[in-house]
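> what follows is a predicted structure for the sequence shown.
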Amino acid sequence: MLVGLACLTLFIFFGYSLRKRWQLRKIPGPLAWPFLGSIPEFSIHGYEYVLSLAAKYGNVHIAWLGVEPLIVICDPALIRKYAYKCVSKPASMSDYGHVLTGFNYDVDKASAFVASGEVWRRGRRVFEASVINGSSLAAHLPATNRCANRFVARLAQRSAAPASQSGGAGGGGGGGEGTCFDMFSIVGGYTMAVTGEVAYGVDFGTADDDIATARNFSILDEVAAAGSGAGGGSSMSIGRQLVGASLASFRCLQMEHSTLYLPLAVMFPAARPLVRWLATHLPDRAQREHMAARTQIAQVSRRLMERWQAASKEKAAAAAIAVTADSTAGSGGAPPAAAPAGGAATGKGADGSIKEVGGGISSSSFMAAMMEGRRGAPQEERLSDVEVIAQSFTFVMAGFETTALTLSLVTFMLATHPEAAARLAAEVDGLGSGELTHEVLAEKLPYTEAVIKETLRLYPPIPYLIREAREDLDLGNGMVAPKGSYLTMYMHAVHLNPDVWPHPERFLPERFLPEGAAAFGPADPGAWAPFGIGARMCVGHKLAMMMAKCLLVRMYQRFTVALHPRQPLPLKMKTGLSRVPVDGVWVTLTERLPAAAAAAAAVS
Ligand code: HEM
């Protein structure tokens, strides 16, 4: 029986592999050992490996993920053409990088990042309504300002504390070298705080919570301590749960932390249902950790969804009482009952761990947009419960780490390029300490924006775009990507291509300003795309830029930022779902102007 099963698996596997190879024969690439494929090389050298393949085999080549051929495209014109044309992700997208099972698998498949067709369109529409159009973005600006002020105030306290007392996550002394922080660890507290308010209208409290950003958090230990299954009964604040669970989830996507079932799932696509069954019933520690983290994030979304439902029922009931009381008052009866509180105050939830901004899950939040959108919408337009959880999950996962990574790398680039830091400081100094408006962010920060863009060119958090060819695609030079093939469009390779960007290895924010565009700008106008291209372009790009600018203004108005001696140089990056600095980004902060600092503290 077992032998029969093994033979069947091998037969399917070889048949699949040979068919694919036959179809793709015209595209060059390292074909020798598809069994082992590129995995070991990729895990050791990360995206540099892909860049080296591009140098060797050209801008269109094949890299192997186990037996799965990935058509890698590094040519900017081809990327632009097919990123616009192809809007579908491969059906097996949820099977890459991890082995998801059960409910977590269903949630992943429904996520706007992974799904195709109607499910994707429904999910994408709510994102667009909540975080892309001008008025919705403006509605999130006060929360972003508030979180930036709180985070910077906490930074000031920590940098003023003696080195020995500056512990907590990502903070540390330094044996007489001054108080230092790992910006990569702690800035996640800020991005998660903004995510909490924008996605749910909930104050996660992570902007000034040092523990929340501990990168060594173990979700299994937390679950064991809570003694109540993943999530639900945890005494931890929601913010801490989400930061910890998101970090754990990202960690499990790195090769060295991933489940042992991953290589099996990658090398034997035909056997994935069997591998998933094994991973469900005989999970190793990495698998348990990953599933617990995902369950935790999904459960928080479910709790907040249920809370919204309960609150809106209460509101409807209160409104009904008010109407009745009104008509009674009109006829000389008692005054109407008070409606639930609104406004900008921060309230505390009944369970003590949810602080809802505005006394209820805020009406401008993403959760409210999804839930309101279900009311009265035709059946085919309505998000199911799993889709609501999936999009909330996507918001947290997509919004938190990418922006934290960007901010920490901007800090690194500025600390290693003092002339750029001085120019940025001069720009932000002119803005004063009042709340940053939409106009100020859009018009008064050209250099700050150029610094963020140049950092994203050098270090795009998601360096590639993934699509499925829904028909045969002409790739030029007689090469054809057959229908059903898996396209990996390497924007990072384009960002570093010397034929496209003059001196691509240099950090030159001027490329993005009129003064430097002619000398250092790209040969191809579409050659900068850290947020992707086309219909599937990052739906959070404006929110991410708003978050980044608000924090950089407040930080650089107040501090001079320098690298700490404990930062290893050159910067080493590591491959996971995204690329992260292996040793973090260790900096020290020095107050620039005591008077300005006091004014900023007063605002916060
Ligand atoms: C610096 C920060 C960020 C970077 C660099 C980034 C980058 C990307 C990239 C490269 C993609 C794939 C685009 C494609 O396939 O063409 C993407 C998709 C996505 N991002 Fe972001 N992102 C960032 C922040 C955010 C934030 C804050 C959110 C929260 C709303 C978000 C939500 C999404 C979603 C939902 C998708 C899937 C879009 C779709 O497939 O239709 N991202 N992002």
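Everything's here; your move.
> use CA for all of it now, contacts and neighbours both
Fine.
> spell out for me which residue occupies the centre of the chain.
Closest to where the C-alpha atoms of the chain average out (Cα atoms, centre = their mean) is residue 398, at 2.6 Å.
> and the pLDDT at that residue?
The model reports residue 398 with a pLDDT of 88.
> then residue 445?
The model's pLDDT for residue 445 equals 97.
> would you agree it is in contact with residue 429?
No. When contacts are counted by Cα atoms under 8 Å, residue 445 is not listed as touching residue 429 (10.8 Å).
> check which helix or strand the residue nearest to the centre of the chain maps to.
helix 385-416 (DSSP states H and E).
> could you do residue 465 as well?
With DSSP H and E as the test, residue 465 turns up in strand 464-468.
> quick check: buried residues in the following helix or strand past that strand?
Where DSSP H and E defines the elements, the next helix or strand beyond strand 464-468 is strand 473-476. Judged by neighbour count (16 or more other Cα atoms under 10 Å), strand 473-476 contains no buried residues.
> so what does the helix or strand following strand 473-476 touch, helix or strand wise?
For strand 473-476, the following helix or strand on the C-terminal side (DSSP H and E) is strand 479-481. If you count contacts as 3 or more Cα pairs under 8 Å, 6 or more residues apart in numbering; DSSP states H and E, strand 479-481 packs onto strand 473-476.
> in the stretch 351-500 of the chain, which residue sits nearest the ligand?
Closest residue of the stretch 351-500 of the chain to the ligand, Cα to the nearest ligand atom: residue 399 (3.4 Å).
> report the contact partners of that residue.
Applying Cα atoms under 8 Å, 6 or more residues apart in numbering, we find residue 399 in contact with 191-192, 195, 540, 544.
> what residues does the stretch 251-400 of the chain have near the ligand?
Proximity of the stretch 251-400 of the chain to the ligand (Cα under 6 Å from any ligand atom) is limited to residues 394-395, 398-399.
> list just the nearest of those residues to residue 388.
Comparing those against residue 388 with Cα to Cα places residue 394 closest, at 9.8 Å.
> gap between residue 275 and residue 393?
25 Å (Cα to Cα, to the nearest Å).
> who's more crowded, these two?
residue 393 (27 against 20; other Cα atoms under 10 Å).
> so that one touches residue 297, yeah?
Yes. At 6.3 Å, residue 393 counts as touching residue 297 under the criterion of Cα under 8 Å.
> overlap in contacts of the two?
With contacts defined as Cα under 8 Å, 6+ apart, no residue is shared by residue 393 and residue 297.
> low-confidence bits of the stretch 101-250 of the chain, can you list those?
Applying pLDDT under 70 to the stretch 101-250 of the chain flags the ranges 161-178, 210-220, 222-236.
> try 90 this time
In the predicted model of the stretch 101-250 of the chain, residues 129-139, 157-181, 185, 188-189, 192, 196-197, 199-250 satisfy pLDDT under 90.
> what about residue 590, helix or strand, and which?
Assigned by DSSP H and E, residue 590 belongs to strand 586-591.
> and that strand, C-alpha only, in CSV?
What follows is strand 586-591, C-alpha atoms only, in CSV (Å, rounded to 0.1, in the frame of the first residue of the first chain):
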residue,chain,number,x,y,z
TRP,A,586,21.4,50.1,16.4
VAL,A,587,21.3,53.9,16.9
THR,A,588,21.7,56.5,19.6
LEU,A,589,19.5,59.6,19.8
THR,A,590,20.6,63.0,21.1
GLU,A,591,18.1,65.8,21.8
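> what's the angle from it to helix 385-416?
70 degrees (axes from the mean of the first three to the mean of the last three Cα atoms, to 10 degrees).
> circling back to that earlier point, any idea how far the residue of the stretch 351-500 of the chain closest to the ligand is from residue 367?
As judged by Cα to Cα, residue 399 and residue 367 stand 15 Å apart.
> show me what from the stretch 451-600 of the chain comes close to the ligand.
So the stretch 451-600 of the chain meets the ligand at 460-462, 465-466, 530-533, 536-541, 543-544 (Cα under 6 Å from any ligand atom).
> can you do 8 Å?
For the stretch 451-600 of the chain, the residues in contact with the ligand under the definition Cα under 8 Å from any ligand atom are 456, 460-467, 529-545, 548.
> before we move on, what about the stretch 101-250 of the chain?
111-115, 120-121, 124, 127, 131, 195.
> now with 5 Å?
residue 113 (Cα under 5 Å from any ligand atom).
> closest approach to the ligand from the stretch 101-250 of the chain, which residue is it?
Across the stretch 101-250 of the chain, the shortest distance to the ligand (Cα to the nearest ligand atom) belongs to residue 113, at 3.8 Å.
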